[in-house]
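Undergrad: Need coordinates for the following:
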Amino acid sequence: MPLGSRRGEAVRRAVSAEIERLANELRGPIGSLDEALAALASGEGLPPGLEPEVLFAGGVPRIRPVLVVLASRSTLGGSVADAAAAADVAYAAELLQTAIRLHDLALGRQHGRRRRAVRRVVGGAAHWLGAHHVMLRALEIARRAPAPDILGDALDALREVSEVQALGETLRARPATGADAVQLAEGHTGAVFAFACRAGGRLGGASRPSVTGLGRYGRHVGVGVHVAEDLALLERADDPYLLVGRPALYPVAIAGERDPEVNVLWRRLQGTPEARLAEALRVAVRDAGGMQASRELLVGQSWAARKAISTLDDTPAREQLDRIASALGRAS
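TA: Take a look at the predicted model:
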């Protein structure tokens with residue numbers, strides 16, 4: 001595959017490198033954060049039958065905990081967030097993301113690899129049971145946070161997730177538009193990142209306008225990361241099963257608006273996940289401008305995220321948040 005077509009992987013690597021660097025810097029002052037991640041990795045607090053490997057499809061989680069901590073430090077004169085409270089909120093954000101992943105994994109073809117994979121780690125409750133248990137655990141943790149509004153933030157995130165899951169069900173019967181794909185990204189990754197940033201801001205005593213700005217920042221970064229992952233999946237034509245069962249990918253949806261043949265290929269791939277069809281889809285998406293439109297969206301989300309925190313106090317944490325958002329645009 002030409003180098004220029006692997007933009008999704010480039011964005012993921014750039015953001016991941018920035019997050020890992022920040023995570024290493026933050027480890028000392030907030031050792032309990034790593035303890036919380038270690039507990040999550042061991043399966044502590046997860047429902048019976050749910051093995052922790054389902055949490056780590058893309059490696060050990062880092063970005064949501066880092067966002068919580070940076071947001072909690074983004075306001076001058078705010079309170080210093082308790083390390084244990086920050087770890088709890090990061091833990092809740094990870095569980096929200098896990099619930100989404102469980103639901104999405106369960107939407108694969110009845111006998112496909114994705115459905116079989118999720119059944120191996122959650123037993124027979126491969127659709128809603130495991131996800132619901134994890135959601136309830138996330139709410140339990142959010143409820144004990146020192147800032148009472150954090151529970152409301154978690155409930156708002158769950159409401160958004162539920163709404164876009166309903167949208168995903170409707171997309172089984174019709175082609176997705178670019179607007180549909182953006183809405184899915186906002187209600188999945190965007191909602192969880194927004195929760196992490198808003199909750200972190202509340203832990204640090206940020207003002208209401210600052211909390212709002214942090215929430216917008218998290219949503220834009222989340223959409224950018226989601227679309228970068230869409231691009232990266234489409235670039236993996238060698239494993240077409242990765243594309244099966246997903247309601248929509250942004251590059252496919254936006255290309256399908258321009259060329260109906262893209263939608264035909266997408267539907268065929270869902271029924272017959274073969275490498276040749278995945279490659280034909282990738283080429284059709286590229287030729288219809290879906291890759292380029294995705295890169296433009298990444299730049300726009302990067303700019304919007306940076307603007308959302310431009311009025312925050314001039315703190316090292318705000319600068320670090322800005323660098324995370326910049327990585328989305330630089331790599332695209």
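Undergrad: Using the three-state scheme, assign residue 283.
TA: Secondary structure assignment for residue 283 (DSSP: H, G, I helix; E, B strand; the rest coil): helix.
Undergrad: Can you get me a residue count around it?
TA: Here the count is done by other C-beta atoms under 10 Å, and residue 283 has 13 residues near it. Just so you know, the C-beta spots here come from the backbone N, C-alpha and C atoms, and that holds for glycine as well.
Undergrad: now swap in the one 5 residues further on and tell me
TA: Residues near residue 288, counting by other C-beta under 10 Å, number 21.
Undergrad: residue boundaries of the strands in the protein?
TA: Counting by DSSP state E, the chain yields no residue ranges for strands.
Undergrad: In space, not sequence, find me the middle residue of it.
TA: Among the residues of the chain, the one closest to the centroid is residue 189, at 3.0 Å (C-alpha atoms, centre = their mean).
Undergrad: can you tell me how far that one sits from residue 272?
TA: According to C-beta to C-beta, to the nearest Å, residue 189 stands 28 Å off from residue 272.
Undergrad: Also residue 282?
TA: Counting by C-beta to C-beta, the gap between residue 282 and residue 272 amounts to 16 Å.
Undergrad: More neighbours: the two, which one.
TA: Between residue 282 and residue 272, counting by other C-beta under 10 Å, residue 282 is the more crowded of the two (22 against 12).
Undergrad: Isn't that one up against residue 235?
TA: Yes - checked against C-beta atoms under 8 Å, the pair residue 282 and residue 235 is within contact range at 7.1 Å.
Undergrad: Helix or strand with the lowest mean pLDDT in this protein?
TA: The element with the least model confidence among the helices and strands of the chain, by mean pLDDT, DSSP states H and E, is helix 113-122, at a mean of 43.
Undergrad: for the stretch 201-332 of the chain, which spans come out with low pLDDT?
TA: 237, 331-332 (pLDDT under 70).
Undergrad: hey, where'd the helices end up in it?
TA: In the stretch 201-332 of the chain, helices defined by DSSP state H, counting those that start in this stretch lie at 208-235, 250-258, 260-271, 275-287, 290-308, 316-330, listed in chain order.
Undergrad: highest average neighbour count across those helices?
TA: Of all the helices of the stretch 201-332 of the chain, helix 250-258 carries the top mean neighbour count, a mean of 26, counting by mean count of other C-beta atoms under 10 Å.
Undergrad: And that helix, what does it pack against?
TA: Other elements packing on helix 250-258 under the criterion 3 or more C-beta pairs under 8 Å, 6 or more residues apart in numbering; DSSP states H and E are helix 178-185, helix 208-235, helix 260-271, helix 275-287, helix 290-308.
Undergrad: Format those as a markdown table; extra columns: distance to residue 172.
TA: Supplementary listing: the helices and strands packed on helix 250-258 in a markdown table, determined by distance: least, C-beta to C-beta, whole Å:
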| stretch | distance to residue 172 |
| --- | --- |
| helix 178-185 | 12 |
| helix 208-235 | 18 |
| helix 260-271 | 9 |
| helix 275-287 | 18 |
| helix 290-308 | 21 |
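Undergrad: will you turn the helices of the stretch 201-332 of the chain into JSON lines that also has distance to residue 162?
TA: Below are the helices of the stretch 201-332 of the chain laid out as JSON lines (distance: least, C-beta to C-beta, whole Å):
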{"stretch": "helix 208-235", "distance to residue 162": "17"}
{"stretch": "helix 250-258", "distance to residue 162": "21"}
{"stretch": "helix 260-271", "distance to residue 162": "23"}
{"stretch": "helix 275-287", "distance to residue 162": "29"}
{"stretch": "helix 290-308", "distance to residue 162": "23"}
{"stretch": "helix 316-330", "distance to residue 162": "27"}
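Undergrad: Select, out of these, the one closest to residue 18.
TA: Checking the helices of the stretch 201-332 of the chain against residue 18 by C-beta to C-beta gives helix 316-330 as the closest, at 4.9 Å.
Undergrad: ok now that closest one, how far from the chain's centre?
TA: Mean C-alpha position of helix 316-330 versus that of the full chain (C-alpha atoms, centre = their mean, to the nearest Å) differs by 17 Å.
Undergrad: and what of stretch 231-248?
TA: Between the mean C-alpha location of stretch 231-248 and the chain-wide mean there is a distance of 16 Å, by C-alpha atoms, centre = their mean.
Undergrad: Stretch 218-231 now?
TA: 7 Å.
Undergrad: cool, stretch 302-319 as well?
TA: With C-alpha atoms, centre = their mean as the basis, the distance from the averaged C-alpha position of stretch 302-319 to the chain average is 20 Å.
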